[in-house]
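Novice: A predicted structure for the sequence below; I have some questions about it.
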Amino acid sequence: MIQQIHEKLFRTKDLYLASFLILYSHLTPSFEKKDGKIIFSFPSTDELYRGLQDFNNGEVIDASEYAAAIKRLRAEMIQKKMETEK
């Protein structure tokens with residue numbers, strides 16, 4: 001799993017982490033395609049770092065909202081993959 005901070009962006013391939021960060025920070029990630037994989041990029045902010053810490057500490061969030069966020073992000077990810085393959 002690639003997770004890194006570069007150029008004031010936090011990048012991850014982890015769909016579940018990205019979905020949590022969307023719910024937690026209300027930020028919308030940008031998408032990059034690298035080696036056939038989609039990478040989610042978030043601006044590096046204090047709120048993002050709090051979200052990462054809470055994710056790693058097992059923060060409790062609403063399961064139905066989390067499941068919906070995962071489904072939405074997965075659909076966006078598939079759409080972005082298809083767009084870049086054309």
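Specialist: That came through fine.

Novice: now for this protein, the helix or strand with the poorest mean pLDDT.
Specialist: Of all the helices and strands that make up the chain, the one with the lowest confidence by mean pLDDT, DSSP states H and E is strand 3-6; it has a mean of 53.

Novice: helices or strands up against the helix or strand following that strand?
Specialist: Helices and strands here follow DSSP states H and E; after strand 3-6, the next one along the chain is strand 9-12. Using 3 or more C-beta pairs under 8 Å, 6 or more residues apart in numbering; DSSP states H and E as the contact test, the elements touching strand 9-12 are strand 3-6, strand 37-43. Quick note: C-beta positions are derived from backbone N, CA and C, even for glycine.

Novice: contact partners of the following helix or strand past the last one?
Specialist: Once the chain leaves strand 37-43, the next helix or strand it forms, by DSSP H and E, is helix 46-56. Applying C-beta atoms under 8 Å, 6 or more residues apart in numbering, the external contacts of helix 46-56 come out as Phe10, Leu17, Phe20, Leu21, Tyr24, Ser25, Leu27, Phe42.

Novice: swap in 10 Å and give it another go.
Specialist: Contacts to helix 46-56, defined as C-beta atoms under 10 Å, 6 or more residues apart in numbering, come from residues 3, 5, 9-10, 12, 14, 16-17, 19-27, 42, 45, 59-61.
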